[in-house]
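> I would like to see how this sequence folds:
(2 chains)
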Amino acid sequence: MEEVLFFAAALGALGGAVGVVAMRNPLFGVLALVVHLFSLAVLFLLLSSAFVAAAQVVVYAGAVMVLYVFVVAYVGDAHESAWEPIPGQRFLAPLFGAALFIELSVAVLASSLLALGTDGPDVKAGFGDPAEIGRLLLERFLLPFEASSILLLLAAVGAVLLASKRSTVGDASGVGSAGTPREREPADPTPDASTGTPA
Amino acid sequence: MNIEWYIVLSSLLFAIGATGILIRRSPIVILLCLELMLNAGNLALVAFSRMVGNQEGQVFAVVVMVVAACEVVIGLGLIVAIFRRKLPLDVDDLRTLRG
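Here you go, the predicted structure:
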(Lines give C-alpha, C1' and ligand atoms only; values in the text may rest on other atoms or scores of the structure.)
Protein backbone atom coordinates (compact mmCIF):
# COMPACT_ATOMS: atom_id res chain seq x y z
CA MET A 1 0.00 0.00 0.00
CA GLU A 2 2.76 2.39 0.93
CA GLU A 3 4.67 1.55 -2.24
CA VAL A 4 1.61 2.17 -4.39
CA LEU A 5 1.03 5.54 -2.74
CA PHE A 6 4.69 6.49 -3.07
CA PHE A 7 4.91 5.70 -6.75
CA ALA A 8 1.61 7.39 -7.53
CA ALA A 9 2.70 10.53 -5.68
CA ALA A 10 6.17 10.42 -7.23
CA LEU A 11 4.66 10.17 -10.70
CA GLY A 12 2.40 13.13 -9.91
CA ALA A 13 5.32 15.17 -8.61
CA LEU A 14 7.50 14.36 -11.62
CA GLY A 15 4.68 15.02 -14.07
CA GLY A 16 3.93 18.33 -12.42
CA ALA A 17 7.58 19.35 -12.50
CA VAL A 18 7.97 18.45 -16.18
CA GLY A 19 4.73 20.28 -16.90
CA VAL A 20 6.05 23.46 -15.24
CA VAL A 21 9.12 23.37 -17.45
CA ALA A 22 7.41 22.33 -20.67
CA MET A 23 4.13 24.29 -20.73
CA ARG A 24 4.15 27.26 -23.06
CA ASN A 25 1.33 29.06 -21.26
CA PRO A 26 2.38 30.19 -17.74
CA LEU A 27 -1.14 29.60 -16.43
CA PHE A 28 -0.88 25.90 -17.26
CA GLY A 29 2.54 25.92 -15.66
CA VAL A 30 0.99 27.23 -12.44
CA LEU A 31 -1.67 24.51 -12.55
CA ALA A 32 1.03 21.87 -13.09
CA LEU A 33 2.83 23.24 -10.06
CA VAL A 34 -0.36 22.81 -8.00
CA VAL A 35 -0.43 19.12 -9.00
CA HIS A 36 3.24 18.88 -8.04
CA LEU A 37 2.63 20.45 -4.63
CA PHE A 38 -0.29 18.17 -3.81
CA SER A 39 1.78 15.13 -4.72
CA LEU A 40 4.57 16.39 -2.50
CA ALA A 41 2.08 16.76 0.35
CA VAL A 42 1.20 13.08 -0.07
CA LEU A 43 4.91 12.24 0.09
CA PHE A 44 5.28 14.28 3.27
CA LEU A 45 2.37 12.35 4.80
CA LEU A 46 4.11 9.10 3.87
CA LEU A 47 7.18 10.38 5.70
CA SER A 48 4.93 10.88 8.77
CA SER A 49 5.18 14.64 8.85
CA ALA A 50 1.57 15.74 9.04
CA PHE A 51 2.18 19.37 9.87
CA VAL A 52 4.50 20.00 6.92
CA ALA A 53 1.99 18.33 4.59
CA ALA A 54 -0.85 20.50 5.90
CA ALA A 55 1.29 23.64 5.63
CA GLN A 56 2.23 22.65 2.10
CA VAL A 57 -1.39 22.39 1.03
CA VAL A 58 -2.59 25.47 2.90
CA VAL A 59 0.34 27.84 2.31
CA TYR A 60 1.61 26.75 -1.09
CA ALA A 61 -1.31 25.30 -2.96
CA GLY A 62 -3.72 27.65 -1.24
CA ALA A 63 -2.12 31.04 -0.87
CA VAL A 64 0.99 31.24 -3.04
CA MET A 65 -0.60 29.66 -6.09
CA VAL A 66 -3.54 32.07 -5.93
CA LEU A 67 -0.98 34.89 -6.01
CA TYR A 68 0.64 33.32 -9.06
CA VAL A 69 -2.68 32.90 -10.84
CA PHE A 70 -3.58 36.54 -10.26
CA VAL A 71 -0.21 37.83 -11.48
CA VAL A 72 -0.31 35.59 -14.55
CA ALA A 73 -3.81 36.81 -15.31
CA TYR A 74 -2.67 40.41 -14.86
CA VAL A 75 0.54 40.19 -16.87
CA GLY A 76 -0.84 37.93 -19.55
CA ASP A 77 0.83 35.43 -21.78
CA ALA A 78 4.38 36.55 -22.52
CA HIS A 79 5.64 34.83 -25.61
CA GLU A 80 9.28 33.94 -25.38
CA SER A 81 11.60 34.76 -28.21
CA ALA A 82 13.54 32.02 -29.94
CA TRP A 83 16.75 34.02 -29.76
CA GLU A 84 19.45 32.31 -27.72
CA PRO A 85 22.26 34.32 -26.17
CA ILE A 86 24.29 31.14 -25.75
CA PRO A 87 24.19 28.95 -28.88
CA GLY A 88 22.67 25.55 -28.23
CA GLN A 89 21.39 26.48 -24.77
CA ARG A 90 18.20 24.50 -25.27
CA PHE A 91 20.18 21.33 -25.84
CA LEU A 92 22.93 21.93 -23.35
CA ALA A 93 20.58 22.67 -20.45
CA PRO A 94 18.97 19.19 -20.26
CA LEU A 95 22.44 17.66 -20.41
CA PHE A 96 23.45 19.84 -17.50
CA GLY A 97 20.30 18.81 -15.65
CA ALA A 98 21.02 15.12 -16.19
CA ALA A 99 24.58 15.61 -14.99
CA LEU A 100 23.31 17.43 -11.91
CA PHE A 101 20.87 14.61 -11.14
CA ILE A 102 23.56 11.94 -11.45
CA GLU A 103 25.95 13.97 -9.37
CA LEU A 104 23.44 14.60 -6.57
CA SER A 105 22.32 10.98 -6.49
CA VAL A 106 25.87 9.67 -6.38
CA ALA A 107 26.82 12.20 -3.72
CA VAL A 108 24.00 11.11 -1.41
CA LEU A 109 23.79 7.39 -2.17
CA ALA A 110 27.53 6.84 -2.03
CA SER A 111 27.78 8.58 1.31
CA SER A 112 28.23 6.51 4.42
CA LEU A 113 24.89 7.36 6.00
CA LEU A 114 23.94 4.22 7.86
CA ALA A 115 20.18 4.52 7.63
CA LEU A 116 20.04 5.12 3.87
CA GLY A 117 19.04 1.59 2.99
CA THR A 118 16.37 1.31 5.68
CA ASP A 119 12.89 2.62 6.23
CA GLY A 120 14.10 4.78 9.08
CA PRO A 121 13.66 4.06 12.75
CA ASP A 122 10.29 3.43 14.32
CA VAL A 123 8.90 6.70 15.52
CA LYS A 124 6.37 7.38 18.21
CA ALA A 125 2.76 8.11 17.38
CA GLY A 126 2.94 11.89 17.57
CA PHE A 127 5.90 12.27 15.22
CA GLY A 128 5.49 15.37 13.06
CA ASP A 129 2.21 16.42 14.65
CA PRO A 130 1.39 20.13 14.84
CA ALA A 131 1.80 19.98 18.61
CA GLU A 132 5.32 18.60 18.38
CA ILE A 133 6.40 21.00 15.64
CA GLY A 134 4.86 23.92 17.48
CA ARG A 135 6.66 22.99 20.69
CA LEU A 136 9.96 22.83 18.80
CA LEU A 137 9.29 26.13 17.04
CA LEU A 138 8.40 27.98 20.22
CA GLU A 139 11.04 26.49 22.50
CA ARG A 140 14.16 25.40 20.72
CA PHE A 141 13.82 27.41 17.50
CA LEU A 142 12.27 30.57 18.88
CA LEU A 143 14.84 32.89 17.32
CA PRO A 144 14.49 31.48 13.76
CA PHE A 145 10.73 31.61 14.22
CA GLU A 146 10.80 35.30 15.11
CA ALA A 147 13.31 36.02 12.35
CA SER A 148 11.06 34.40 9.79
CA SER A 149 8.08 36.41 10.98
CA ILE A 150 10.10 39.62 10.58
CA LEU A 151 11.12 38.40 7.12
CA LEU A 152 7.47 37.86 6.18
CA LEU A 153 6.58 41.35 7.40
CA LEU A 154 9.43 42.89 5.41
CA ALA A 155 8.40 40.95 2.31
CA ALA A 156 4.81 42.14 2.60
CA VAL A 157 5.87 45.78 2.98
CA GLY A 158 8.37 45.44 0.14
CA ALA A 159 5.83 43.88 -2.19
CA VAL A 160 3.35 46.68 -1.52
CA LEU A 161 6.09 49.24 -2.22
CA LEU A 162 7.21 47.49 -5.40
CA ALA A 163 3.83 46.87 -6.92
CA SER A 164 1.86 49.88 -5.76
CA LYS A 165 0.83 52.24 -8.48
CA ARG A 166 2.50 55.36 -7.17
CA SER A 167 5.79 53.92 -6.13
CA THR A 168 8.72 53.67 -8.50
CA VAL A 169 11.44 51.12 -8.33
CA GLY A 170 14.81 52.63 -7.63
CA ASP A 171 13.44 56.08 -7.02
CA ALA A 172 12.70 56.45 -3.36
CA SER A 173 11.45 59.98 -3.69
CA GLY A 174 8.63 58.86 -5.94
CA VAL A 175 6.83 57.01 -3.19
CA GLY A 176 4.54 59.81 -2.28
CA SER A 177 4.36 61.63 -5.59
CA ALA A 178 1.65 61.09 -8.12
CA GLY A 179 2.33 59.06 -11.21
CA THR A 180 5.35 57.19 -12.44
CA PRO A 181 8.36 59.13 -13.74
CA ARG A 182 7.23 58.55 -17.30
CA GLU A 183 4.03 60.39 -16.61
CA ARG A 184 5.76 63.34 -15.02
CA GLU A 185 6.48 66.53 -16.83
CA PRO A 186 9.77 66.24 -18.72
CA ALA A 187 10.62 69.75 -17.61
CA ASP A 188 10.22 68.88 -13.96
CA PRO A 189 13.38 70.49 -12.60
CA THR A 190 14.04 68.53 -9.44
CA PRO A 191 12.31 65.17 -9.51
CA ASP A 192 14.88 63.60 -7.23
CA ALA A 193 15.36 66.43 -4.80
CA SER A 194 11.88 66.25 -3.34
CA THR A 195 11.68 64.79 0.10
CA GLY A 196 8.93 62.35 -0.60
CA THR A 197 6.05 64.62 0.26
CA PRO A 198 3.14 64.57 -2.13
CA ALA A 199 3.15 67.37 -4.66
CA MET B 1 9.41 2.66 1.87
CA ASN B 2 13.14 2.99 1.56
CA ILE B 3 14.55 6.43 2.29
CA GLU B 4 16.79 6.24 -0.79
CA TRP B 5 13.79 6.51 -3.08
CA TYR B 6 12.81 9.84 -1.56
CA ILE B 7 16.34 11.19 -1.90
CA VAL B 8 16.62 10.13 -5.54
CA LEU B 9 13.22 11.63 -6.29
CA SER B 10 14.27 14.84 -4.58
CA SER B 11 17.46 15.15 -6.63
CA LEU B 12 15.52 14.41 -9.82
CA LEU B 13 13.04 17.18 -9.02
CA PHE B 14 15.91 19.55 -8.24
CA ALA B 15 17.56 18.76 -11.57
CA ILE B 16 14.29 19.35 -13.43
CA GLY B 17 13.93 22.72 -11.72
CA ALA B 18 17.49 23.72 -12.60
CA THR B 19 16.95 22.69 -16.22
CA GLY B 20 13.80 24.77 -16.35
CA ILE B 21 15.63 27.83 -15.06
CA LEU B 22 18.25 27.38 -17.79
CA ILE B 23 15.76 26.84 -20.59
CA ARG B 24 12.93 29.27 -19.97
CA ARG B 25 12.98 33.04 -20.41
CA SER B 26 9.82 34.28 -18.76
CA PRO B 27 10.46 35.50 -15.19
CA ILE B 28 7.20 33.95 -13.99
CA VAL B 29 8.21 30.50 -15.19
CA ILE B 30 11.65 30.96 -13.70
CA LEU B 31 10.03 31.71 -10.35
CA LEU B 32 7.94 28.55 -10.74
CA CYS B 33 11.10 26.54 -11.40
CA LEU B 34 12.68 28.08 -8.30
CA GLU B 35 9.69 26.76 -6.37
CA LEU B 36 10.41 23.32 -7.80
CA MET B 37 13.97 23.46 -6.53
CA LEU B 38 12.95 24.71 -3.08
CA ASN B 39 10.37 21.95 -2.79
CA ALA B 40 12.94 19.35 -3.78
CA GLY B 41 15.10 20.63 -0.96
CA ASN B 42 12.11 20.42 1.38
CA LEU B 43 11.50 16.82 0.39
CA ALA B 44 15.12 15.96 1.12
CA LEU B 45 14.93 17.71 4.50
CA VAL B 46 11.79 15.84 5.51
CA ALA B 47 13.18 12.53 4.26
CA PHE B 48 16.37 12.98 6.27
CA SER B 49 14.32 14.00 9.29
CA ARG B 50 12.39 10.73 9.00
CA MET B 51 15.63 8.84 8.48
CA VAL B 52 17.17 10.18 11.66
CA GLY B 53 13.92 9.99 13.60
CA ASN B 54 14.20 13.62 14.59
CA GLN B 55 11.66 16.37 13.95
CA GLU B 56 14.06 19.25 13.56
CA GLY B 57 14.34 18.74 9.81
CA GLN B 58 10.62 19.38 9.57
CA VAL B 59 11.07 22.70 11.35
CA PHE B 60 13.69 23.56 8.74
CA ALA B 61 11.22 22.63 6.02
CA VAL B 62 8.64 25.01 7.49
CA VAL B 63 11.22 27.81 7.58
CA VAL B 64 12.12 27.07 3.96
CA MET B 65 8.43 27.43 3.12
CA VAL B 66 8.36 30.84 4.79
CA VAL B 67 11.42 31.99 2.85
CA ALA B 68 9.92 30.68 -0.37
CA ALA B 69 6.73 32.62 0.26
CA CYS B 70 8.74 35.82 0.82
CA GLU B 71 10.72 35.22 -2.35
CA VAL B 72 7.54 34.67 -4.35
CA VAL B 73 5.97 37.83 -3.02
CA ILE B 74 8.99 39.97 -3.86
CA GLY B 75 9.48 38.31 -7.24
CA LEU B 76 5.87 38.76 -8.27
CA GLY B 77 5.98 42.36 -7.06
CA LEU B 78 9.01 42.93 -9.28
CA ILE B 79 7.23 41.32 -12.23
CA VAL B 80 4.21 43.56 -11.73
CA ALA B 81 6.50 46.61 -11.50
CA ILE B 82 8.33 45.55 -14.69
CA PHE B 83 5.03 45.06 -16.46
CA ARG B 84 3.76 48.47 -15.34
CA ARG B 85 6.80 50.17 -16.84
CA LYS B 86 6.11 48.40 -20.13
CA LEU B 87 9.48 46.69 -20.13
CA PRO B 88 9.77 43.30 -21.85
CA LEU B 89 9.13 40.34 -19.55
CA ASP B 90 12.20 38.45 -20.70
CA VAL B 91 15.19 37.81 -18.49
CA ASP B 92 17.59 38.17 -21.40
CA ASP B 93 16.34 41.67 -22.18
CA LEU B 94 16.46 42.73 -18.53
CA ARG B 95 20.13 42.25 -17.93
CA THR B 96 21.06 45.87 -17.57
CA LEU B 97 20.32 47.06 -14.08
CA ARG B 98 19.14 50.46 -15.19
CA GLY B 99 15.65 51.53 -14.23
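> does the host helix or strand of residue B:73 come close to chain A?
Assigned by DSSP states H and E, residue B:73 belongs to helix B:56-84. Yes - applying C-beta under 8 Å from any C-beta of the partner chain, one finds helix B:56-84 touching chain A at B:56, B:58-59, B:61-63, B:65-74, B:76-81, B:83-84. (C-beta placed from N, C-alpha, C; glycine too.)
> list buried members of these by neighbour count.
For those, a neighbour count by 16 or more other C-beta atoms under 10 Å in any protein chain shown gives the buried set as B:58-59, B:61-63, B:65-66, B:68-74, B:76-81, B:83-84.
> residue ranges of the helices in chain A, please?
Applying DSSP state H to chain A gives helices spanning A:2-22, A:26-46, A:50-55, A:65-75, A:89-109, A:130-139, A:142-163.
> closest to residue B:38 out of those?
helix A:26-46 (10.8 Å; C-beta to C-beta).
> what average pLDDT does that closest one get?
For helix A:26-46, mean pLDDT rounds to 93.
> name the helices or strands packed onto that helix?
helix A:2-22, helix A:50-55, helix A:65-75, helix B:27-52 (3 or more C-beta pairs under 8 Å, 6 or more residues apart in numbering or on different chains; DSSP states H and E).
> next, the buried residues of that helix.
Under the neighbour-count criterion of 16+ other C-beta under 10 Å, helix A:26-46 has A:26, A:29-46 buried.
> burial check on the residue lying closest to residue A:92 once chain neighbours are set aside, number of neighbours?
For residue A:92, ignoring the flanking residues on the chain, the nearest one in space by C-beta to C-beta, 6 or more residues apart in numbering or on different chains is residue A:86 at 7.5 Å. Other residues within reach of residue A:86, judged by other C-beta atoms under 10 Å in any protein chain shown, total 10.
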